[in-house]
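Student: I would like the atomic coordinates for the input below:
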Amino acid sequence: MSQTRGVKKTHGHPRVHKIKTRARYEQRRLKRISRTATLGGLFLSFLKIGVSGFGGGFAVLAQIRHLVVLERRWLGEHDFVEALALGQSLPGTSAGNAVTYIGFRVRGWRGASVSLAGFILPSMLMMIALAVFYDRFRALPNTEQLFHGFNAAVVALIAVTAWRMGRHTSSKSWQRILIVLSFAAVILLRATVVEVILISGLIGIGIESFVEPRLPRLDRIRGIATRRQQRIRERLSRRRRTKPHKFYGGYLTEAMAEQRLREMSEGLVTQTPEAELDDELITEAVEPQSRKAFLFPAIPLIAKLGLALSVSFIFLRIGAVTFGGGYVMIPEIENEVVNSHHWLNHQEFADATALGQITPGPVLIMATFVGYRVAGTPGAVLSTLCVFLPSFLMTIAAGSSFRRFRTNRQMQAFLRGVAPAVTGLLAAAAWSVARSGIHSLIGAAMTVVIVVILLRYRPNAFWVLMGAGAFRFVLALVLW
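Tutor: Numbering: from 1, shown residues only. As a prediction, the model looks like this:
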């Protein structure tokens, strides 16, 4: 009996009990940590990321994952992946949407509010400070060369982002066509981003829901047409050997017979869906000036408040369709604040884009700079709130029923149409910044070199910007 009991003990029963005890302890600890996530703790945690979140994109998401999954244990790895998927599927920046969803999962809508506020507050304050001292700093000698270096790096960053995104969103031929059409619609037709996004999403729904399910039927029709054409050719060849050029009841030349075959085959095969959708997309694109009356409310009595409301309403509309991040909105913001309303010139807008890169947080924080230049501090605060408000509300709405949102076929088809359009909009953004921020062969050469460096070595975007600005500044001191 003693030997039997000893064997049972050596077979690992105490070890299994120890493992189960540790698992229960770890489970209780995780629940305790999750319950102790106060609103103040959420705010301070994401405030820290907002201060140190240079580089944007995946660099910030890596910091968020370390905080939420490894350090605080508010979410598991699977839940964090869901947060990333939701953040990339909605308008706005993926990092901002992920922060909102994490706060919502931990402490409801109040947690989402304080998390997003802590995340964007440092970059907003930094951008206001830069906007206050912008004119003085711009007047310093050789400062213009510093911003020329920033602009070259920004163009390279946007171009590389478009290239990488296009490789993953253009697996089908109609998506590649949509990339080109989106770029042409913005650059040549002056279409707004709202129009391009909505039309592309509807095209995605149309193709995914109505065209692609019918493709097997079209293939069968093409096969029938091909086989029938082959039978007719064989019949013609037999008739030519006995009675040349005789076709059914009449006598036709060989060229007329070939024309008859082509007409019969073309009658069976319809026009390709891509060509019909391309024509529809081009004809439905309208001029952005037709939307101007929708953008502005009634002008208030106080002029500065009126300007603040005007610019904030522009960013409210822009924030509702910011699929793919802030880079996509650059042509639309430039069209509104530079071309339509002349609040900024092209050089100031290019500088705002560069400042949005060198500050922590999302690049959409350039809305703070634009709002301050237009209407002072009220304009800066209102513009910042409005550009993040639509994605904040959508994230909370989608986060409450995330699984239904993720499996909705129409929504996924809409996003598959939007994804290639975002690539085209990114290419248009790179073109827009290059046209307004690069004025010499040195700047163009720097852009090409930075593109090669980004594609090969994948450095942090913040250090790329700092290095480009410093190089151009030193080069100006040496040459001039």
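
Student: For residue 346, which non-adjacent residue is spatially closest?
Tutor: Once flanking residues are discounted, residue 346 sits nearest to residue 436: 3.8 Å by Cβ to Cβ, 6 or more residues apart in numbering. Every C-beta, even on glycine, is put in place using the N, C-alpha and C of the backbone.

Student: domain parsing for this protein?
Tutor: Domain segmentation of the chain under automatic domain parsing yields 123-212+288-479, 215-281.

Student: okay, those domains, which one's buried deepest?
Tutor: Most buried of the domains of the chain by mean neighbour count (mean count of other Cβ atoms under 10 Å) is domain 123-212+288-479; its value is a mean of 20.

Student: what about that domain, start to end distance?
Tutor: Its start and end residues considered, domain 123-212+288-479 measures 35 Å (Cα to Cα, to the nearest Å).

Student: now it, how far from the centre of its chain.
Tutor: 10 Å (Cα atoms, centre = their mean, to the nearest Å).

Student: Tell me, please, where in the stretch 201-350 of the chain the pLDDT is lower than the cut-off.
Tutor: Within the stretch 201-350 of the chain, the ranges that satisfy pLDDT under 70 run 214-225, 227, 237-304, 324-326.

Student: one more time with 50, if that's ok
Tutor: 243-252, 268-301 (pLDDT under 50).

Student: and the residue nearest to residue 346, what element?
Tutor: For residue 436, the host element (DSSP states H and E) is helix 409-437.

Student: separation between residue 363 and residue 120?
Tutor: 12 Å (Cβ to Cβ, to the nearest Å).

Student: How about residue 423?
Tutor: From residue 423 to residue 120 the distance is 26 Å (Cβ to Cβ).

Student: Assign a three-state SS to residue 439, would you?
Tutor: Following DSSP: H, G, I helix; E, B strand; the rest coil, the label given to residue 439 is coil.

Student: From here on, call the first residue 187.
Tutor: Got it, the first residue is 187 from now on, which makes the last one we talked about residue 625.

Student: Excluding sequence neighbours, find me the nearest residue to it.
Tutor: residue 334 (7.3 Å).

Student: now do residue 339
Tutor: residue 654 (3.8 Å).

Student: who touches the one you found in this structure?
Tutor: Contacts for residue 654 (Cβ atoms under 8 Å, 6 or more residues apart in numbering) come out as 335-336, 338-339, 632, 636.

Student: picking that back up, in CSV, list the domains of the chain along with distance to residue 269.
Tutor: Listed next are the domains of the chain as CSV, based on distance: least, Cβ to Cβ, whole Å:
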stretch, distance to residue 269
domain 309-398+474-665, 9
domain 401-467, 33
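
Student: Tell me which of the ones you listed sits nearest to residue 288.
Tutor: Ranking the domains of the chain by proximity to residue 288 (Cβ to Cβ) places domain 309-398+474-665 first, at 9.5 Å.

Student: what's the helix or strand where residue 265 lies in contact with?
Tutor: For residue 265, the element it lies in under DSSP H and E is helix 263-275. Contacts with helix 263-275, where a contact means Cβ under 8 Å, 6+ apart, come from 247, 251, 254-255, 261, 279-284, 287-288, 291, 581, 584-585, 588, 591-592, 601.

Student: State the distance from residue 502 to residue 574.
Tutor: Residue 502 is 10 Å from residue 574, by Cβ to Cβ.

Student: Who are the packing partners of the lengthiest helix in the chain?
Tutor: What stands out as the longest helix in the chain, according to DSSP state H, is helix 280-318. Using 3 or more Cβ pairs under 8 Å, 6 or more residues apart in numbering; DSSP states H and E, the elements in contact with helix 280-318 are helix 225-238, helix 244-251, helix 263-275, helix 532-544, helix 552-585.

Student: can you tell which of the ones you listed is closest to residue 298?
Tutor: helix 552-585 (5.8 Å).

Student: orientation of the closest one relative to helix 263-275 in degrees?
Tutor: Calculated by axes from the mean of the first three to the mean of the last three Cα atoms, to 10 degrees, helix 552-585 forms an angle of 120 degrees with helix 263-275.

Student: any idea of the pLDDT on the nearest residue in space to residue 645 that is not next to it in sequence?
Tutor: Setting aside the residues directly before and after it, residue 645 is nearest to residue 639 in space (Cβ to Cβ, 6+ apart), at 6.7 Å. Residue 639 carries a pLDDT score of 92 in this model.

Student: Angles on the backbone of the residue nearest to residue 637 when sequence neighbours are not counted, please.
Tutor: With sequence-adjacent residues excluded and distances taken as Cβ to Cβ, 6+ apart, residue 637 is closest to residue 342, at 4.6 Å. Note on residue 342: backbone dihedrals following degrees, to the nearest 10 are phi -60, psi -40.

Student: Residue 342 contacts residue 640, correct?
Tutor: Yes: using Cβ atoms under 8 Å, residue 342 is in contact with residue 640, at 6.1 Å.

Student: Could you name every residue contacting both of these two?
Tutor: residue 650.

Student: close enough to count as contact, residue 314 and residue 564?
Tutor: No: Residue 314 lies out of contact with residue 564 (Cβ under 8 Å); the separation is 11.3 Å.

Student: Quick check, pLDDT for residue 635.
Tutor: At residue 635, pLDDT is 94.

Student: Contact partners for residue 387?
Tutor: Residue 387 touches 600-601, 603-604, 607, counting by Cβ under 8 Å, 6+ apart.
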